[in-house]
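# Have a look at this fold, sequence not included:
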């Protein structure tokens, strides 16, 4: 009971202080000057404004929750993709096809080598694009050539196999970068770009 009285007194004090404010008195005077019809319109406008604000806040909250759910799904899918790739690498280490030792002096054109390696990974020639050769750093032992290999409409297992077979194959190839992008059609396939260094021994 005492707490209720204290709260009432505190509320009354706040109301009194607000009533003493000049801007409050000015607003009250403006309100008193309005005719009944204008007051009704103003009340309706205030109600509509409050309703609109509440609607905007509700939609904003719903959109934020939706965005968080989408982000969570994307992170979950990425985590599953990483786990699948790690599992595939472990399997490949035990079952990779034997590579012929050519000492890095195989004269086969790099384009042919990249395409044949793609075939070993279950990727058709129509699903791989090979950029033109760009010069890399030159050394006394080997010549470096830079390539961009683009795999289209492949799954994560094929991409991992291809990267693994390139680096563990018969010719010295080093993977510099690998980027994944999902197909826009929602099929679950990926577009994969591999930046590689290909070395030819002198």
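Ah, there it is. Small disclaimer: the values here were computed from a predicted structure and weren't measured.

# after the least confident helix or strand in the chain by mean pLDDT comes which helix or strand?
Of all helical and strand segments in the chain, the minimum by mean pLDDT, DSSP states H and E falls on helix 2-20, at a mean of 64. Remark: after helix 2-20, the chain's next helix or strand is helix 22-33, criterion DSSP states H and E.

# What is the subsequent helix or strand relative to that following helix?
Counting by DSSP H and E, the next helix or strand C-terminal to helix 22-33 is helix 36-95.

# following that next one, which helix or strand shows up next?
Next element after helix 36-95 (DSSP H and E): helix 110-120.

# Let's test this: mean pLDDT of the next helix or strand after that following helix, rounded?
Downstream of helix 110-120, the first helix or strand assigned by DSSP H and E is strand 128-130. Averaged across strand 128-130, pLDDT comes to 94.

# which element is residue 177 on?
Applying DSSP H and E, one finds residue 177 within strand 173-182.

# Looking at the next helix or strand after that strand now, give me its mean pLDDT.
Sequence-wise, the next helix or strand downstream of strand 173-182 (DSSP H and E) is strand 190-201. Across strand 190-201, pLDDT averages out at 90.

# contact partners of strand 190-201?
By CB atoms under 8 Å, 6 or more residues apart in numbering, the residues outside strand 190-201 that reach it are 103-105, 110, 113, 136, 141-156, 159, 162-163, 166, 171-183. Where C-beta positions appear, they are placed from N, C-alpha and C, glycine not excepted.

# if we go to 7 Å?
For strand 190-201, contacts defined as CB atoms under 7 Å, 6 or more residues apart in numbering pick out 103-105, 110, 136, 141-152, 154-156, 159, 163, 166, 172-183.

# Would you write a ChimeraX line that selects the buried entries of those residues?
Remark: buried members of those, expressed as a ChimeraX selection using 16 or more other CB atoms under 10 Å:
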select :110,136,142,144,145,146,147,149,151,152,154,155,156,159,163,166,172,173,178
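
# got a list of contacts for the strand holding residue 177?
Strand 173-182 is touched from outside by 163, 166-167, 190-198, with contacts defined as CB under 7 Å, 6+ apart.

# Average pLDDT for it, rounded please.
89.

# strands paired with it, and their directions?
Applying DSSP bridges to the sheet, strand 173-182 is found paired with strand 190-201 (antiparallel).

# Pull the distance from stretch 140-150 to the chain's centre.
Relative to the mean C-alpha coordinate of its chain, stretch 140-150 is positioned 30 Å out (CA atoms, centre = their mean, to the nearest Å).

# same thing with stretch 58-68?
The answer for stretch 58-68 is 19 Å, by CA atoms, centre = their mean.

# Give the helix, strand or coil label for residue 140.
coil (DSSP: H, G, I helix; E, B strand; the rest coil).

# now it: how far from residue 133?
According to CB to CB, to the nearest Å, residue 140 stands 20 Å off from residue 133.

# How about residue 141?
19 Å.

# which element is residue 148 on?
strand 142-154.

# Strand partners (parallel or antiparallel) of that strand?
Strand pairing (DSSP bridges) places strand 142-154 next to strand 128-130 (antiparallel), strand 134-138 (antiparallel), strand 190-201 (antiparallel).
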